[in-house]
Every structure is written in structure tokens, then in C-alpha cells.
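>>> Below are the sequence and a predicted model for it; my questions follow.
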Amino acid sequence: MAGAARSKDGRSTARRRLADGSRSGAPFAAKGSRWVRDTDKRCRIDYNARLGLEPGPKTMRKHLSTIIKIGITLLGLAIVLTRFDPRLIGRELSEASLGWLLAGFLLYNAGVVLRAYRWLILVRSLHADVPFKRLVELYFVGGFFNVFLPSGFGGDVVRVLELAQDVPAGLAAGTVVLDRLTGLMMLFALALLALPFRPPDFPPDLLLTIVLICTAGLAGGFILLQGTVLRKVTNLLPARLLHAGNDFLLRLTEAIEQCGWRAIGGALLISVLFNLLQAAWWTTTARSLGLDISYFYMLLVVPVLALVMLIPSIGGLGVRELIAPLLFAPAGLRPEQAIALSLLVFAVERLSGLLGAPIYIYTTIRDRDKRKAKQTGELS
């Protein structure tokens with residue numbers, strides 16, 4: 001009975017917090033959500049623990065997550081290299097055109113800037129005065145951490161950490177979740193719109209898979225974006241699930257209510273442009289290998305490749321190469337060509353991540369100097 005009472009109290013407390021957040025429509029400068037203020041410090045402590053800045057009770061779990069990601073990547077690469085000829089894959093890669101690769105690299109980085117603008121729309125709807133330049137920097141820095149530090153936190157948590165200096169940590173996390181969600185939803189929508197342009201011999205099983213994944217993804221996304229539906233769902237959940245993932249559902253609901261449909265609609269529109277750009281850099285990278293793949297075909301298969309990235313791995317490496325031969329076979333590619341294309345796109349993305357290193361060093365030094373100057377001014 002005591003356990004049931006605690007669970008009921010936990011749900012009631014969570015509902016009161018969520019209700020407080022829904023009533024706080026004023027800018028943060030004037031009035032913030034009580035729930036966000038109360039949990040801001042707790043979110044910061046947890047994120048610092050994720051980065052190793054403070055000891056956290058989940059440290060071993062984070063290390064285990066890293067080991068699993070590395071293990072899955074190595075296993076995937078081992079299967080690929082044993083099933084297919086590594087020499088043929090290497091030969092395809094060695095013949096890549098640098099001009100087309102440069103075009104793909106530039107398109108990819110243009111996509112990073114575009115995503116930062118999508119994030120800006122969401123952040124500005126929270127009445128937070130964060131410069132666009134700052135968000136571009138954070139996106140590149142997040143890309144660096146995502147790529148070169150295969151840990152349990154990833155670049156998104158780094159973006160939350162940094163943005164939490166300007167807005168409450170709970171809502172900073174919510175905008176990052178919304179940023180990702182709107183991008184994924186429009187990727188699904190474009191894939192469905194590209195279906196009429198599929199090749200005549202497109203495999204029926206693959207077609208059905210794409211339709212099911214994209215339809216379910218769009219439906220689930222709109223349910224999440226509908227604040228009233230999400231609120232009803234959260235009210236039915238036990239306290240343990242409601243607070244799972246550092247209050248993921250509460251933070252998401254709070255961000256959706258604070259951002260509003262106008263900002264979410266703008267983010268969806270930018271996501272359409274970004275996903276068109278994403279298919280373009282896959283197409284230009286394929287051209288660097290001398291592969292003539294239709295742009296509309298890329299719109300069909302890129303959503304599946306994006307979903308594969310959700311499987312624990314190092315940036316999708318190993319996992320994406322396993323599925324690439326199946327996805328690109330209808331386009332006339334040999335398995336070695338499909339694998340080479342996937343590896344080359346991975347290399348372009350990792351090279352872009354390198355740009356985040358000097359940006360991170362520069363912004364760290366700049367912010368440190370600003371803090372010192374501020375402290376000196378206060379002392380004088």
C-alpha cells in the first residue's frame with residue numbers, strides 16, 4: 001500500500017509540475033516555469049556527470065554503452081569485410097573524384113548551418129536571446145563530440161549543456177529533442193512523396209518496409225507534437241516511467257507548449273529544405289564514385305539509412321554498411337559499390353566533425369576570457 005501511495009504521489013507531483021509549466025506563457029525574463037526552475041540544477045548535475053565532470057551513479061552504465069557501440073561497429077565491419085571483397089571496396093574508394101567529394105562536403109556543412117537555423121526558430125520562441133552564430137558553433141561542436149568521442153552522452157547533450165547557460169536546462173533539452181523530431185518527420189514525409197518515382201523493379205518487400213516505417217514515424221511524431229494528446233498520455237503513466245530518461249516526457253511536453261505551433265511549423269519547413277539537401281550530398285558523393293543514382297531514389301533510401309543510425313554504433317559505421325547493399329541493389333549497384341558509397345559518406349560526415357575541434361577550442365578560450373573580464377570588472 002505504501003508503494004502504491006508513493007506512486008500516486010509521484011504522478012500527482014508530476015502532473016502539478018506539468019500544469020504549472022503549461023500556465024507559464026510569459027517570457028523567461030519575466031516568469032519561468034516552476035518545474036523548469038526546480039529541475040534546472042538537477043539537469044546540470046546529471047549532464048556534468050555524463051561528461052565525467054562530476055561523479056555520477058550511472059558511470060558504469062555509460063561505459064557499458066560505449067563498449068556496446070564499439071562492439072556493434074566492429075562486428076558490423078567484420079561481417080562486411082568477410083562477406084565482400086575488401087580489395088574491390090578499396091579500389092572503388094581510390095577512384096573517387098575529389099571535385100564531387102568537395103561538393104558533398106560543402107553541402108553537408110551547409111546542412112549543419114541550416115539545422116542551426118531550425119534550432120534558432122525553436123530557441124527564439126522561448127524568448128531566449130541566443131545569437132544565431134552561437135547555435136552554429138554549438139552544432140559544429142556537437143558534431144565533433146558525436147564523431148570523435150564515442151561515449152554515452154553524444155553531441156546532443158553537449159548542445160544542451162551549452163545552451164543551458166542561456167535558458168533553463170530542461171527546456172534546452174526539449175528544444176534539442178524537438179529539433180531532432182521535426183527533422184526526422186520531414187525525412188519520412190519526403191520519402192513517401194518520392195515513392196511514385198521509384199524504379200519499376202523496386203522490391204515490394206523494401207517498398208512495404210519504407211511505407212510502414214515512414215507512416216508510423218509521421219503518425220508518432222504528430223502525436224508527440226500534439227501537446228494535449230501527450231499530456232493525456234503522461235497523466236496515465238506511473239511516476240517511474242514519467243521520470244525516465246531524466247524526465248524526457250516532461251521536458252518534451254514543456255518545450256512543445258512553450259514553443260507553440262508557429263515555431264514548430266517553421267522548424268518543419270526548414271527540415272524539408274535540410275532533408276532535400278541531405279539527399280543531395282548523398283547524390284554528389286555517389287557521383288564521386290562514378291555512380292549515376294537518381295536523386296529521387298536517394299530520397300527513398302536515405303530515411304532508412306537515417307533510422308539505422310539509431311542503432312547503437314559509432315556514427316552508424318558498420319551497421320549502415322550492412323544494409324547498404326540491400327538498399328542500393330535496385331539502383332544497379334554491386335555490394336562493393338554500395339559499401340564504398342556508405343563509407344565515403346561516413347568520411348565526409350567525420351571530416352565535417354573535425355571542424356568542430358578548432359571551434360570548440362576557440363569558443364572555450366573566448367568564453368573563459370569573457371568570464372575573467374567580467375570578474376575583473378566586478379572587482380574594480
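Noted; the coordinates are in hand.
>>> Look up the closest residue to residue 76, ignoring the ones flanking it.
Nearest-residue entry for residue 76: residue 318, 2.6 Å, with adjacent residues in sequence omitted and distances by C-beta to C-beta, 6 or more residues apart in numbering. Where you see a C-beta, it was placed from the backbone N, CA and C, and this is true even at glycine.
>>> residues contacting residue 351?
Counting by C-beta atoms under 8 Å, 6 or more residues apart in numbering, residue 351 touches residue 105.
>>> tell me the contacts of the residue minimising distance to the centre of the chain?
Centroid check for the chain by C-alpha atoms, centre = their mean gives residue 180 as the closest residue, at 4.7 Å. Neighbour list for residue 180: residue 156 [criterion: C-beta under 8 Å, 6+ apart].
>>> tell me which residues of the helix or strand it falls within are tucked away?
Assigned by DSSP states H and E, residue 180 belongs to helix 169-194. For helix 169-194, the neighbour count (16 or more other C-beta atoms under 10 Å) marks 169-179, 181-192, 194 as buried.
>>> Now do the nearest residue to residue 271 once chain neighbours are set aside, the pLDDT please.
In this structure, residue 271 finds its nearest non-sequential neighbour in residue 186, 3.7 Å apart by C-beta to C-beta, 6+ apart. We have a pLDDT of 93 for residue 186.
>>> mind listing what residue 186 touches?
Neighbours of residue 186 in contact, by C-beta under 8 Å, 6+ apart: 268, 271-272, 274-275.
>>> likewise residue 277?
By C-beta under 8 Å, 6+ apart, the contact set of residue 277 is 107, 110-111, 114.
>>> In PyMOL, select just the buried ones from the residues you listed.
Command for PyMOL that selects the buried part of the contacts of residue 277, burial taken from 16+ other C-beta under 10 Å:
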select buried, resi 107+111+114
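>>> how much distance is there from stretch 218-226 to the middle of the chain?
Centre-to-centre, stretch 218-226 and its host chain are 17 Å apart (C-alpha atoms, centre = their mean, to the nearest Å).
>>> list the buried ones in it?
Residues of stretch 218-226 classed as buried by neighbour count (16+ other C-beta under 10 Å): 218, 221, 224-225.
>>> can you count the residues close to residue 95?
Residues contacting residue 95 under the criterion other C-beta atoms under 10 Å number 11.
>>> Sorry, slip of the keys, the one I care about is residue 65.
Residue 65: 17 surrounding residues under other C-beta under 10 Å.
>>> One more: the one 3 residues further on?
For residue 68, the number of neighbouring residues by other C-beta under 10 Å comes to 13.
>>> Excluding chain neighbours, give the residue nearest to it in space.
Residue 68 sits nearest to residue 312 (C-beta to C-beta, 6+ apart), 5.3 Å away.
>>> swap in residue 262?
By the measure of C-beta to C-beta, 6+ apart, the closest residue to residue 262 outside its immediate chain neighbours is residue 125, 7.2 Å from it.
>>> For that neighbour, give me the pLDDT.
For residue 125, pLDDT reads 90.
>>> Please name the residues that touch it.
Residues near residue 125 by C-beta under 8 Å, 6+ apart: 258-260, 262-263.
>>> Show the buried residues in those.
Of these, these count as buried by 16+ other C-beta under 10 Å: 258-259, 263.
>>> Would you state the helices of the stretch 151-300 of the chain in chain order?
Ranges of helices in the stretch 151-300 of the chain, per DSSP state H, counting those that start in this stretch, are 154-163, 169-194, 204-225, 227-236, 239-242, 244-288, 295-308.
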